[in-house]
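> Here is my input, please return the structure:
(6 chains)
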Protein chains: 4
Amino acid sequence: MSDGQKRPSFIEAARKAQLITCAIETLATEGYAQASLAHIAQRAHVSKSAITYYFNSKEELLKQVVIEVYKGAAAYIGPRVGAQSGASERLRAYIEAHIEYISQHLTQIMALAEIGLNMRNADGKPALVGLTDEAALDPLIRLLRRGQEAGEFRDFDARVVAITIRRAIDGTSRLLIGHPDLDVGHYTRELVTLFEYATRKGNNET
Amino acid sequence: MSDGQKRPSFIEAARKAQLITCAIETLATEGYAQASLAHIAQRAHVSKSAITYYFNSKEELLKQVVIEVYKGAAAYIGPRVGAQSGASERLRAYIEAHIEYISQHLTQIMALAEIGLNMRNADGKPALVGLTDEAALDPLIRLLRRGQEAGEFRDFDARVVAITIRRAIDGTSRLLIGHPDLDVGHYTRELVTLFEYATRKGNNET
Amino acid sequence: MSDGQKRPSFIEAARKAQLITCAIETLATEGYAQASLAHIAQRAHVSKSAITYYFNSKEELLKQVVIEVYKGAAAYIGPRVGAQSGASERLRAYIEAHIEYISQHLTQIMALAEIGLNMRNADGKPALVGLTDEAALDPLIRLLRRGQEAGEFRDFDARVVAITIRRAIDGTSRLLIGHPDLDVGHYTRELVTLFEYATRKGNNET
Amino acid sequence: MSDGQKRPSFIEAARKAQLITCAIETLATEGYAQASLAHIAQRAHVSKSAITYYFNSKEELLKQVVIEVYKGAAAYIGPRVGAQSGASERLRAYIEAHIEYISQHLTQIMALAEIGLNMRNADGKPALVGLTDEAALDPLIRLLRRGQEAGEFRDFDARVVAITIRRAIDGTSRLLIGHPDLDVGHYTRELVTLFEYATRKGNNET
DNA sequence: TATGAATGAGCATTCATTCAT
DNA sequence: CATGAATGAATGCTCATTCAT
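Purely as a prediction, here's the structure:
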């Protein structure tokens, strides 16, 4: 009994994972508009029906893609930021971890972007507000505020700075696609420096 | 009578302008995927055929949209940046003018973004590389380099900083959609300050 | 009065002739399916409306094309056949004149073929039954019968032979398109000989 | 059960055959221009999508039609010609078999003609050169040449005669449409006799 | 005399989805 | 567990025609 029930759910999990992977690849390489069930199924060497069998609708598949990618990113980045103690070090870790993850998981990130920029609910409103929405922004805002309270950071609007940092990070994927030979290390260091200057206290006030 | 030649071309120009406007609105509010000729025509209270009568293809219409929006933005921003002389002032004007224009022409900017992010050539490659491509980046890079040569700016990778600034600017439209009540003035000032700190010389070096 | 009325009708005739010519060229070079009013108008450097102004419908234009081509062919061929007296000589002249005309007016003949093979009435039935229909066949049948009565031709079914001759003639245009370097003189002589053998009396009976 | 694999492919084969048949009927009765997927689907009591489900494109469907008709004709005619030994008998069998097949498969032959005369490649050039092209002509030319070498046939241009024979044969379908009550046997006999006289040796030379 | 404007019908094709098996 | 079959809706686009001028 306990065994009989688990086996199918194991197959199910494997198939789902495979289909999500194929969806990601299709989204990344062919774009949202071309990411039809037919194309995804073709890449998975599976019938279209198989997809709607495991995911009731295309929408559900895409949402699972989003969840999958988010989960992976969070698992990579969270610990790296948490390992630091000072606000300045946490910010540096935040930027570095993000860009590292993006540069190493470009396909996933592109797929996520395609969905975020194109997927709409039935009412026509964007289904995702993007990585820059409140949920994604909040931890960064808190990080910055704690830095201000600790006297490490100057007095800025934490929300505006957070948005700008996220934007710089989110744009990295597009940058890497256009310039695959980019020196990621150099780019990261420059970015970290930029935001250190932009946030740290002790500059001569204007 | 005397200018009999102009009458027909006047109607044509008016219709084209109307259709471009409707295309912009449709793109902005419904997204690229939903911006079909049928939807655009519906918004213009016109038949689908009317669109292909004035624009030989959908692609041509979209390209006209891009041109239209670009022209408007350039006309607004160019003079404002050109009016400044110091690098720091020019950078400030660059950011301010962009955000002002974006906040006042949100629909157009969104339409442009939809096209830039989604339109593909026949080969499947993106038709536009986006506002962050070389052409759009170059003037800003030059502005920053001149500031460094003049000793106003610190020693950074002008390309990375330029990308980050453009990203912050480009993201403003998405921000305004999500937060229509945003205090644009405050946001702009914070952004200007952020990049002043990030670029200027004379900070205590790390 | 007498003058005032003639001028417009002169212009009209000239325009009609021009449009018919352009229709012929379009049909011949682009085929029936591509011979839209738009394409014909383009070739005539005229608006689509101009065509429906002079010809109430596309159908009317095409019918005028047919008449025009027929008239030209009849004017060329009729006298040449009429100039001969013996049945055998008339048949030879019939074949020679046709092929000469076809080889010198390939475009018109091709246009005629495109229409004949494709044009349909509202009921879906072919609008033209082709050059092989009764009207075109009758003179040839009479020619052959008179030859039989005069004892020049053997005893065959004049209708079947007439059809076969017409078919050989009508196919010449296709042949010339596929083989523009064809030796028309040789081809004609062979054809004439073939039908001389096929029709003349005095062969050893089977 | 045991041949579980065949069931799905059986349905597919049956549907394909049905759709090809309906396409043939539509082409024959309504003409190439009216043979849209919608019309074909209607005749098959099936949705348009069903056609593109089984045939990736309209072009593929039409090509299958051509293949189907050719196959049938070749299977009927080939053996009948091959069964004869003398050149004269082979020519007779060639004509007889063709006309028999045409008169018994009028619809298919008409469909083939519609495709051959109208179907164009993307470049606007005819997709099929027709039954009169080299491939179709070659066997007949060889047949005639062998007859000349064997001394059965007179000295003519085998190519011109072959073209004329093919033309007479190909035109039969049009003739039968216009005259469904035609006595095919009589017509065939007359045609055979005509070409016997036209080709055989031993006539008094002019 | 001639045209620009506009349209509705029709085209081949793609798509996500449903359903029986 | 997975698929083949089938569909209705939607897409960009072409077309002959109408109409006011």
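
> Residue numbers of chain A in contact with DNA strand E?
Within chain A, the positions near DNA strand E by CB under 7 Å from any atom of the strand are A:34-39, A:48-49, A:52, A:56-59. Glycine gets a C-beta too; all of them are placed from N, C-alpha and C.

> Those residues: which ones sit near chain B?
Among these, the ones lying near chain B by CB under 8 Å from any CB of the partner chain are A:Q34.

> Just the buried ones out of the residues of chain A next to DNA strand E, please.
The neighbour count (16 or more other CB atoms under 10 Å in any protein chain shown) marks A:35, A:37, A:39, A:58 as buried among these.

> Now for A:A41: which residues touch it?
Going by CB atoms under 8 Å, 6 or more residues apart in numbering or on different chains, A:A41 touches A:47-48, A:50-51.

> How about A:S173?
By CB under 8 Å, 6+ apart, the neighbours of A:S173 are A:102, A:106, A:109-110, A:113.

> Return the set of buried residues in the helix or strand that A:T26 is a member of.
If you go by DSSP states H and E, A:T26 is part of helix A:2-30. For helix A:2-30, the neighbour count (16+ other CB under 10 Å) marks A:15-16, A:18-28, A:30 as buried.

> what's the closest of the residues you listed to chain C?
The nearest member of the buried residues of helix A:2-30 to chain C, counting by CB to the nearest CB, is A:E30 at 32.8 Å.

> If I look at that closest one, what pLDDT would I see?
A:E30 is assigned 89 on the pLDDT scale.

> returning to what we had before: just name the closest of the buried ones among the residues of chain A next to DNA strand E to D:A122, please.
Within those, the smallest distance to D:A122 is 23.5 Å, found for A:H39 (CB to CB).

> Test my guess that the closest one contacts A:T29.
No. When contacts are counted by CB atoms under 8 Å, A:H39 is not listed as touching A:T29 (9.8 Å).

> for the helix or strand bottoming out on mean pLDDT in chain A, packing partners?
When each helix and strand of chain A is scored by mean pLDDT, DSSP states H and E, helix A:2-30 comes last, with a mean of 81. Counting contacts by 3 or more CB pairs under 8 Å, 6 or more residues apart in numbering or on different chains; DSSP states H and E, helix A:2-30 packs against helix A:37-43, helix A:48-54, helix A:58-82, helix A:106-118.

> gap between it and the chain center?
On the basis of CA atoms, centre = their mean, to the nearest Å, the separation between the geometric centre of helix A:2-30 and that of its chain is 20 Å.

> quick one, it and helix A:58-82 angle?
In terms of direction (axes from the mean of the first three to the mean of the last three CA atoms, to 10 degrees), helix A:2-30 departs from helix A:58-82 by 90 degrees.

> just the angle between helix A:2-30 and helix A:106-118, please?
Angle, helix A:2-30 to helix A:106-118, by the same axes, to 10 degrees: 80 degrees.

> Pull out the buried residues from whichever strand or helix holds A:I99.
In this assignment (DSSP H and E), A:I99 forms part of helix A:87-104. The neighbour-count check on helix A:87-104 (16+ other CB under 10 Å) flags A:87-88, A:90-103 as buried.

> Closest one of the residues you listed to chain B?
A:S88 (10.2 Å).

> what sits against the closest residue in space to that closest one that isn't next to it in sequence?
Take A:S88 and drop its neighbours on the chain: the residue closest to it by CB to CB, 6 or more residues apart in numbering or on different chains is A:E152, 5.4 Å away. By CB under 8 Å, 6+ apart, the contact list for A:E152 reads A:86-88, A:200-201.

> isn't A:V160 right next to B:Y187, touching?
Yes. With contact defined as CB under 8 Å, A:V160 counts as touching B:Y187 (5.8 Å).

> need the residues of chain A near DNA strand F, please.
A:7-8, A:11-12, A:15, A:46-50, A:52-53.

> Between which two of those is the distance greatest?
That would be A:R7 and A:K48, which, of the residues of chain A next to DNA strand F, are the farthest apart (CB to CB) at 25.3 Å.

> sorry, back to before: ok, residues contacting the helix holding A:I99?
A:72-73, A:76-77, A:80-81, A:83-84, A:109, A:140, A:143-144, A:146-147, A:150, A:152-153, A:165, A:168-169, A:172-173, A:176, A:184, A:187-188, A:191-192, A:195-196, A:199-200.

> For that helix, what does the pLDDT average out to?
For helix A:87-104, the mean pLDDT works out to 96.

> the inter-axis angle of that helix versus helix A:106-118?
Using the same axes, to 10 degrees, the inter-axis angle of helix A:87-104 relative to helix A:106-118 is 100 degrees.

> For chain A, which residues score under the pLDDT cut-off?
Judged by pLDDT under 70, chain A has its weakly predicted residues at A:1-8, A:129-132, A:202-206.

> Which residue, neighbours along the chain excluded, lies closest to A:A73?
A:Y101 (5.6 Å).

> DNA strand F versus the one you found, what's the distance?
Using CB to the nearest atom of the strand, to the nearest Å, A:Y101 is found at 31 Å from DNA strand F.

> next one: A:G72
From A:G72 to DNA strand F the distance is 24 Å (CB to the nearest atom of the strand).

> count of neighbours near that residue?
14 (other CB atoms under 10 Å in any protein chain shown).
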